[in-house]
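1. got a predicted structure here, sequence first:
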Amino acid sequence: MEQTYHVRVSKKEVWICILLSVLTLGIYLYYWQYRLLKNIKELKKDYSPYTGEMLCLIFLPFYSLYWWYTRGRAVSDELAKHDCRTLGNGYLYLGLAIVGLGVVAAAIMQNDFNESGLLPVKESSLRKSKWYTVLLFLLPALILFVGILIAPIVISAYDSLFSFKSFADPNREFVGLGNYVTLFTPSLTSETGNVLPNPRYMGDALVNTLILAALSVFIQLPLALAIALKLGKGIKGERPYLTVFFMPVLISTVIIGQLWLKIYDSGSAGVLNAGLKALGIDTWLFPWIKEQVGSKWPFTGQWLGYKSTALIASFIPVLWQYVGYHMLLMYAGIKGVPADLLEAARLDGATEGQISRHIIIPYIKPILKVSVIFAVTGSLKSFDLFHAMFGRDNDPKVLVPSTLLYNQTFLNNQFGLGSAIATILIVLCFAFAILISAAFRNKGDKVA
């Protein structure tokens, strides 16, 4: 006999949910129909032909995003300042209304209320939910996923096919793949026939970030794993060590950039140069660096003044900051290894090195995969530390794709090129994530 279970949702709770949903939906309509239309009428009198479109925004949220992206931003900067907050507040209340009404609809679609005011749900309904109930519960998350992740990617890929100087620029020029060709052309020919280096060339920036990714995988992660294995064995002062190693992760990257600028200072305030001089290492190290960089001037500790030394100097803070982050991930995984499994290995005569190599590391393989993905994609997206260290330099010694994106978009007003760089970064991040997942895949498993 099929059993019946009662879900603890009363009629009173459903009516409260309905009233709250209607209230939030009413606030949403207020934001669109009253405030936004009022702003348009006050700021742009001749924009009345689009009033009908604005009324449609009440029922078509995604169309409203399209309208605001293609037309609304071009009305005026003053209108945009008013509408940005109104747009966000309106969608906030719409989301709350959708969630509330979704809960109500899901409760009603299951069955009617019984005399006790509870929802009777049959066992078969628990085993096999109706597809529209599942879809309804997924709808709020699906809207957020599409609106926050998928839509910006599609818009960025679309913008990369045009040349324009601002998002409100009505004179967009379709260039197709021209922006991508420009980014991967190392030199340009001027009108006088001279061959000049392309300041928008992305090849060097990609090489720099791939070097950073390689250093993160082969230096940062092994160091983090070694520390995690040591702390995971329960040494004395385990908690203080965890705090000390994780502390750089909590510090703002901009502050870390300024801190290392002081460390690399070529004057008397530079901690690194002062330490090298105190140990007498500068007498042979500085002449050797001068020969390596090929400078005709003496090297006196200008670590950020040459591309080769600046590249290494900028990588050290990145590796130092996130060792503690990956260490904590691996440490948590090591603590999850069953104690009886380790004890059985010790009883069989396995050494600590064999236990780490054959038991602990294979057991935390999923965490190692996550760490590798985070390290590689984080290297591809790194921006704030490089901007803090080289942002004020007209000729930065170290460029990464994110700083090149910032320079072309916000300093040179080349929004099409910026969108192309963003699209390339997105594709690279997805590609590396898939490749790394495939590399960690066991036989018979699917790529996660």
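-> Good, I have the coordinates. Just so you know, these numbers come straight off a predicted model, no measurement behind them.

2. all contacts plus neighbour counts: C-alpha atoms, from now on.
-> Noted.

3. what's the domain layout of this protein?
-> For the chain, the structural domains run 4-159, 203-408, going by automatic domain parsing.

4. lowest-confidence stretch among the ones you listed?
-> Least confident of the domains of the chain, judged by mean pLDDT, is domain 4-159 with a mean of 55.

5. after the helix or strand hosting residue 321, which helix or strand is next?
-> Using DSSP states H and E, residue 321 falls within helix 307-335. Reading on from helix 307-335 to the C-terminus, the next helix or strand found by DSSP H and E is helix 339-347.

6. mind listing what's buried in that following helix?
-> Neighbour-count burial for helix 339-347 flags 342, 345 (criterion: 16 or more other CA atoms under 10 Å).

7. list of residues touching it?
-> The contact list for helix 339-347 (CA atoms under 8 Å, 6 or more residues apart in numbering) reads 355, 359.

8. any residues touching stretch 248-259, and which ones?
-> Here stretch 248-259 makes contact (CA under 8 Å, 6+ apart) with 317, 320-322, 324-325, 384-386, 388-389.

9. highest neighbour count among the residues you listed?
-> residue 324 (28 neighbours; other CA atoms under 10 Å).

10. distance-wise, check that residue relative to residue 331.
-> Residue 324 sits at a distance of 10 Å from residue 331 (criterion: CA to CA, to the nearest Å).

11. then residue 137?
-> 36 Å.

12. check residue 344 too.
-> 21 Å.

13. same check on residue 366?
-> Separation of residue 366 from residue 331 (CA to CA): 13 Å.

14. please apply the same query to residue 152.
-> Remark: distance between residue 152 and residue 331 (CA to CA) = 36 Å.

15. now residue 243
-> Counting by CA to CA, the gap from residue 243 to residue 331 is 12 Å.

16. between these two, who's got more neighbours?
-> Counted by other CA under 10 Å, residue 243 and residue 331 do not tie: residue 331 has more neighbours, with 25 against 12.

17. the more buried one and residue 230 touch, don't they?
-> No - Residue 331 is beyond contact range of residue 230, at 9.1 Å (criterion: CA atoms under 8 Å).

18. what residues of stretch 270-283 count as buried?
-> With burial defined by 16+ other CA under 10 Å, the residues of stretch 270-283 counted as buried are 270-274, 282.

19. what of stretch 429-448?
-> Those buried within stretch 429-448 under the rule 16+ other CA under 10 Å are 429, 432-433, 436-437, 440-441.

20. what's the lowest-pLDDT member of these?
-> Lowest in pLDDT among the buried residues of stretch 429-448 is residue 441, which has 83.

21. helix, strand or coil: sort out that one for me.
-> Counting by DSSP: H, G, I helix; E, B strand; the rest coil, the backbone at residue 441 sits in coil.

22. how about the helices in the stretch 151-300 of the chain?
-> 151-159, 178-183, 203-215, 221-231, 238-250, 253-263, 271-279, 282-293 (DSSP state H, counting those that start in this stretch).

23. so which elements touch the shortest one?
-> The helices and strands touching helix 178-183, judged by 3 or more CA pairs under 8 Å, 6 or more residues apart in numbering; DSSP states H and E, are helix 415-439.

24. how about residues contacting the helix it packs on?
-> Under the contact criterion CA under 8 Å, 6+ apart, helix 415-439 has outside partners 153, 156-157, 159-167, 179-180, 183, 369, 372-373, 376-377, 380-381, 401-402, 405-406, 408-409, 447-448.

25. go on, stretch 148-163?
-> Counting by CA under 8 Å, 6+ apart, stretch 148-163 makes contact with 172-179, 414-420, 422-423, 426, all of which sit outside it.

26. if we can go back for a sec, quick check, nearest of the buried residues of stretch 429-448 to residue 357?
-> Among those, residue 440 lies closest to residue 357 (CA to CA), at 16.1 Å.

27. for residue 426, see how far away the closest one is.
-> 21 Å.

28. just residue 417 next, same as before
-> Residue 417 is 14 Å from residue 426, where distance means CA to CA.

29. what's the answer for residue 365, then?
-> To residue 426, residue 365 is 25 Å away according to CA to CA.

30. for residue 167, same thing?
-> 20 Å.

31. can you check residue 373 too?
-> Distance of residue 373 to residue 426, given as CA to CA: 14 Å.

32. neighbour count: the two, which is higher?
-> More crowded of residue 373 and residue 426, by other CA under 10 Å: residue 373, with 22 against 17.

33. would you agree that one falls within a strand?
-> No - counting by three-state DSSP, one finds residue 373 to be helix, located in no strand.

34. for it, which non-adjacent residue is closest in space?
-> If the residues on either side of it in the chain are set aside, residue 373 comes closest to residue 433, at 5.8 Å by CA to CA, 6 or more residues apart in numbering.

35. any idea how far residue 369 is from the one you found?
-> Using CA to CA, residue 433 is found at 9 Å from residue 369.

36. go on, residue 293?
-> Distance from residue 293 to residue 369, by CA to CA: 37 Å.

37. neighbour count for these two, which is higher?
-> Taking other CA under 10 Å, residue 293 and residue 369 do not tie; residue 369 has more neighbours (18 against 13).

38. now do the same contact list for the nearest residue to that one once chain neighbours are set aside.
-> Excluding the flanking residues, the one nearest residue 369 by CA to CA, 6+ apart is residue 440, at 6.5 Å. The contact partners of residue 440, by CA under 8 Å, 6+ apart, come to 365-366, 369.

39. got these as TSV, with secondary structure columns?
-> Shown next, in TSV, are the contacts of residue 440 (three-state DSSP):
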residue	secondary structure
365	helix
366	helix
369	helix
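
40. list just the nearest of those to residue 206.
-> Nearest to residue 206 among these, counting by CA to CA, is residue 369 at 22.6 Å.
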